[in-house]
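S.K.: I'll drop the sequence and a predicted model, then ask my questions.
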Amino acid sequence: MSLQERIAGQFNRSIETKRVALTQMAPSIEAAIHAMVECLHGDGKIMACGNGGSAADSQHFAAELLNRFEREREPLAAIALTTDTSTLTSIANDYRYEEVFSKQIKALGRRGDILLAISTSGNSPNVMEAIAVAHAKGVRVVALTGKGGGKMTNLLNDHDIHLCVPADSTARIQEVHLLTLHCLCDGIDSLMLGDPK
């Protein structure tokens, strides 16, 4: 197999995963958009967390809301819980790495906020602890997962929204996660600003 054939295979598998994801995830993505707009209109904020590539996605999403996506608008209240190295390392050093997000939610989370909890496997212990604390604080959860949702599925309640990519490949899940985040950003802007002329 040539290198170009390998590249084509990556593109084609990504395209097919996105086609399947569209049919299964669109209603849940729409529900998440409505929930996030309701949160933001109610002076709430969206907190995002995850590990590795999911940490990068958390930061990407928060930046798109706080700054801008594709249209000019006022900044929206969003924060990635993955960015403050002093906070992250002090919690991990003094307590446990599993608490690096949950302790931040204890301090910053308010009823009416949303936690965007990202885990490709659905099994990240620190994200699961974040969900537990979010529920205790009255913070609604939007979970972004893959691989069937993992252990996080059993932590979600009826008010939460689960966006689960129907795939097992981490690369394919991450690709759909990024597209999903862009759909969320676009949908939020559409509901808050109206459709562009």
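M.R.: Done, it's in. Residues are numbered from 1 along each chain as shown.

S.K.: looking at this, His162 is in a strand?
M.R.: Yes: counting by DSSP: H, G, I helix; E, B strand; the rest coil, His162 is part of a strand.

S.K.: pLDDT value on it, please?
M.R.: Listed pLDDT for His162 reads 98.

S.K.: residue ranges with poor pLDDT in the chain?
M.R.: When residues are selected by pLDDT under 70, those of the chain lie in 197.

S.K.: Just the buried residues of the longest helix along the chain, please?
M.R.: Counting residues, the longest helix found in the chain (DSSP state H) is helix 3-41. Buried residues in helix 3-41, counted by 16 or more other CB atoms under 10 Å: 14, 17-18, 21, 25, 28-29, 32-33, 35-37, 39-40. Where you see a C-beta, it was placed from the backbone N, CA and C, and this is true even at glycine.

S.K.: quick one: the helices in the protein?
M.R.: 3-41, 53-66, 85-94, 102-108, 125-136, 170-193.

S.K.: coming back round to it: okay, the buried residues of helix 3-41 in JSON lines with distance to Ser2 next?
M.R.: Compiled in JSON lines, the buried residues of helix 3-41 are given as follows (distance: CB to CB, whole Å):
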{"residue": "Ser14", "distance to Ser2": "19"}
{"residue": "Thr17", "distance to Ser2": "23"}
{"residue": "Lys18", "distance to Ser2": "24"}
{"residue": "Ala21", "distance to Ser2": "28"}
{"residue": "Met25", "distance to Ser2": "33"}
{"residue": "Ser28", "distance to Ser2": "39"}
{"residue": "Ile29", "distance to Ser2": "36"}
{"residue": "Ala32", "distance to Ser2": "40"}
{"residue": "Ile33", "distance to Ser2": "41"}
{"residue": "Ala35", "distance to Ser2": "46"}
{"residue": "Met36", "distance to Ser2": "44"}
{"residue": "Val37", "distance to Ser2": "47"}
{"residue": "Cys39", "distance to Ser2": "49"}
{"residue": "Leu40", "distance to Ser2": "48"}
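
S.K.: For Asn93, state which of these is nearest.
M.R.: Nearest to Asn93 among these is Cys39, at 32.4 Å by CB to CB.

S.K.: Surely the closest one and Ile114 touch.
M.R.: Yes: if you go by CB atoms under 8 Å, Cys39 and Ile114 touch, sitting 4.7 Å apart.

S.K.: Now the common contact residues for these two.
M.R.: Common contact partners of Cys39 and Ile114 (CB atoms under 8 Å, 6 or more residues apart in numbering): Lys45, Ile46, Arg140.

S.K.: Now go through these and say which are in strands.
M.R.: Using DSSP state E, Ile46, Arg140 are the members of the shared contacts of Cys39 and Ile114 that sit in strands.

S.K.: and of the shared contacts of Cys39 and Ile114, the nearest to Gly194?
M.R.: Closest to Gly194, out of all of those and judged by CB to CB, is Ile46, at 20.8 Å.

S.K.: The closest one: how many residues sit nearby?
M.R.: Using other CB atoms under 10 Å, Ile46 has 26 other residues around it.

S.K.: hang on, it packs against Leu40?
M.R.: Yes: with contact defined as CB under 8 Å, Ile46 reaches Leu40; the gap is 7.3 Å.
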